[in-house]
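>>> got a sequence here, can you build the structure:
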Amino acid sequence: MMYMVYTEHDWLLYLAAFACAFGIALVATPYAKTLAFRLNAVQHPRARDMHSKPMPRMGGVAIVIGFIATAGIMALFFPYFRTLEFVGFAVGAIIIAVTGAVDDIRDLKSSTKLIIQIIVAIIIVASGTRIEIVMWPITAYLQPFSIPITIFWIIGMTNAVNLIDGLDGLAAGVSAIGALCLMVLCLLSGSPLAVMLSATLAGSCLGFLPRNFNPAEVFMGDAGALFIGYVLAVSSIMGVFKGYTLLAILVVFFALCLPIFDTVFAVVRRIYKTRKLSSWNVADRGHMHHRLIDAGFSQKQSVVMMYGLSAVTAIIAVVIAIQDIRAILVTVICLLALFMVLHVYRKRTGKAASEGQEKEVLEEPS
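As a prediction, this is how the structure comes out:
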């Protein structure tokens with residue numbers, strides 16, 4: 001078990017942080033919705049959008065409040081919050097949250113947001129948080145690139161959640177699954193601070209989800225999406241990437257597979273279509289969730305399928321981190337069985353649908 005590091009964890013505090021963040025975010029969401037209307041942070045329907053009426057888009061403030069309030073409470077009992085590493089994280093979190101909220105109200109330029117994200121990433125690095133996996137002996141030649149790789153990772157993940165936020169409840173649910181997976185991985189790697197941050201984020205996302213799931217009452221907007229991506233990025237660096245093993249790259253990829261894959265695919269697709277690097281953030285309908293909708297699935301079906309995919313990749317990440325061949329074999333067998341069941345179910349439902357259509361045609365009066 002090379003990946004596992006045995007550290008004494010305060011399970012009660014982790015559970016309390018999750019529950020506290022969940023409760024605060026749940027209660028704060030209606031107020032965030034009201035605030036969005038008052039500040040005119042409203043998303044009007046666009047060609048690529050799935051909603052047909054103006055929606056408040058600054059609901060992510062509830063996620064931020066749930067997270068920050070919980071962190072403030074836990075700081076009284078959790079010594080790891082009183083470190084330079086956490087101070088850097090907290091400063092960056094506030095800057096990202098404010099930037100997202102302002103963007104929801106006034107639509108900031110992409111270049112402005114990028115500059116702010118670079119500054120925040122530099123603050124994180126300066127506080128002592130960086131991807132140290134590149135210092136592993138075999139990849140020692142990458143050591144000079146530790147800082148730029150860390151900055152790139154933070155900026156990329158900060159925007160990743162924003163890019164998948166296209167269906168009701170999608171970003172909040174997928175982020176909660178990713179945060180819970182990171183929490184488990186950080187438990188294995190022995191990073192109490194990263195565990196606490198992940199547990200708090202998962203609670204905040206799930207507390208926001210009831211009013212964001214289809215049919216949504218409020219959108220998280222950039223205030224929530226940028227903040228969630230930022231927390232996922234930094235907590236993964238603090239926890240999983242501290243493992244000093246190349247396996248950490250594979251584990252993090254599976255833990256956050258959906259936002260990573262969709263972001264990379266979106267950037268490559270947009271640059272390929274326009275032949276311009278500046279078009280990486282030009283919105284389109286090529287995301288995975290849009291493709292599911294275009295394939296005939298409803299919003300709820302598409303979101304649930306994305307949840308399932310995220311859960312599967314999260315389980316794979318944990319199994320890989322455990323490094324137990326028996327667990328890997330059991331997981332592979334279970335996944336194969338699940339795919340077979342889904343395949344049979346799809347064929348039967350498709351056959352039933354076609355038979356129903358034929359019956360309707362035969363019963364039509366001539």
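
>>> what about stretch 172-182, distance to the chain center?
Its chain's C-alpha centre and that of stretch 172-182 lie 6 Å apart, by C-alpha atoms, centre = their mean, to the nearest Å.

>>> quick one: mean pLDDT over it.
The average pLDDT within stretch 172-182 is 89.

>>> try stretch 35-43
89.

>>> Asp103 reaches Ser110, doesn't it?
No - applying C-beta atoms under 8 Å, one finds Asp103 not in contact with Ser110, separated by 9.7 Å. (Each C-beta comes from the backbone N, C-alpha and C, glycine too.)

>>> neighbour-wise, which of these two wins?
Asp103 (24 against 14; other C-beta atoms under 10 Å).

>>> now do that one, the pLDDT please.
92.

>>> tell me which element it falls in.
helix 84-106 (DSSP states H and E).

>>> CA-only coordinates of that helix in PDB, if you can.
In PDB, the C-alpha atoms belonging to helix 84-106 read as follows (Å, rounded to 0.1, in the frame of the first residue of the first chain):
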ATOM      1  CA  LEU A  84       0.200  29.800   6.100                       C
ATOM      2  CA  GLU A  85      -1.000  27.200   3.500                       C
ATOM      3  CA  PHE A  86      -4.600  27.700   4.600                       C
ATOM      4  CA  VAL A  87      -4.200  31.500   4.800                       C
ATOM      5  CA  GLY A  88      -3.100  31.500   1.100                       C
ATOM      6  CA  PHE A  89      -6.000  29.300   0.200                       C
ATOM      7  CA  ALA A  90      -8.500  31.500   2.100                       C
ATOM      8  CA  VAL A  91      -7.300  34.700   0.400                       C
ATOM      9  CA  GLY A  92      -7.500  33.100  -3.000                       C
ATOM     10  CA  ALA A  93     -11.000  31.700  -2.300                       C
ATOM     11  CA  ILE A  94     -12.300  35.200  -1.300                       C
ATOM     12  CA  ILE A  95     -10.800  36.700  -4.500                       C
ATOM     13  CA  ILE A  96     -12.300  34.000  -6.700                       C
ATOM     14  CA  ALA A  97     -15.700  34.200  -5.100                       C
ATOM     15  CA  VAL A  98     -15.900  38.000  -5.400                       C
ATOM     16  CA  THR A  99     -14.700  37.800  -9.000                       C
ATOM     17  CA  GLY A 100     -17.400  35.300  -9.800                       C
ATOM     18  CA  ALA A 101     -20.100  37.300  -8.200                       C
ATOM     19  CA  VAL A 102     -19.100  40.500 -10.000                       C
ATOM     20  CA  ASP A 103     -19.000  38.500 -13.300                       C
ATOM     21  CA  ASP A 104     -22.600  37.300 -12.600                       C
ATOM     22  CA  ILE A 105     -23.700  40.900 -12.300                       C
ATOM     23  CA  ARG A 106     -21.600  42.700 -14.900                       C
END
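
>>> which parts of the helix or strand just after that helix are buried?
As assigned by DSSP H and E, the chain's next helix or strand after helix 84-106 is helix 110-126. Buried residues in helix 110-126, defined by neighbour count with 16 or more other C-beta atoms under 10 Å: 113, 116-117, 120-125.

>>> buried ones in the next helix or strand after helix 110-126, by neighbour count?
Downstream of helix 110-126, the first helix or strand assigned by DSSP H and E is helix 146-164. Residues of helix 146-164 classed as buried: 146-147, 150-151, 153-164 (neighbour count, 16+ other C-beta under 10 Å).

>>> what of stretch 75-83?
78, 80-81.

>>> again, but for stretch 208-219
In stretch 208-219, counting by 16+ other C-beta under 10 Å, buried: 208-209, 211-214, 216, 218-219.

>>> distance between the ends of that stretch?
Stretch 208-219 has an end-to-end distance of 10 Å (C-alpha to C-alpha, to the nearest Å).

>>> who are the contact partners of Ala16?
Ala16 makes contacts with Met74, as judged by C-beta atoms under 8 Å, 6 or more residues apart in numbering.

>>> for the residue nearest to Val234 when sequence neighbours are not counted, give me its contacts.
Nearest residue to Val234, sequence neighbours excluded (C-beta to C-beta, 6 or more residues apart in numbering): Phe89, at 5.4 Å. Residues in contact with Phe89 (C-beta under 8 Å, 6+ apart) are 124, 127, 129, 197, 234, 238.

>>> what would the buried residues of helix 110-126 look like in TSV with distance to Leu256 and pLDDT?
Converted to TSV, these look like this (distance: C-beta to C-beta, whole Å; pLDDT from 0 to 100):
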residue	distance to Leu256	pLDDT
Lys113	21	92
Ile116	22	96
Gln117	17	95
Val120	19	96
Ala121	17	96
Ile122	22	96
Ile123	22	96
Ile124	17	95
Val125	20	94
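
>>> just the buried residues of helix 146-164 now: which is nearest Thr263?
Ala160 (4.2 Å; C-beta to C-beta).

>>> which ones are touching the closest one?
Contacts of Ala160 by C-beta under 8 Å, 6+ apart are 229, 256, 259-260, 262-263.

>>> kindly export stretch 171-184 (C-alpha atoms) in CSV.
C-alpha atoms of stretch 171-184 as CSV (Å, rounded to 0.1, in the frame of the first residue of the first chain):
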residue,chain,number,x,y,z
ALA,A,171,-22.2,21.1,-11.9
ALA,A,172,-23.3,20.9,-8.3
GLY,A,173,-23.9,17.2,-8.3
VAL,A,174,-20.7,16.2,-10.2
SER,A,175,-18.7,18.5,-8.0
ALA,A,176,-20.1,17.0,-4.9
ILE,A,177,-19.1,13.5,-6.2
GLY,A,178,-15.7,14.7,-7.1
ALA,A,179,-15.2,16.4,-3.7
LEU,A,180,-16.3,13.2,-1.8
CYS,A,181,-13.9,11.2,-3.9
LEU,A,182,-11.1,13.6,-3.2
MET,A,183,-12.0,13.4,0.5
VAL,A,184,-11.4,9.7,0.5
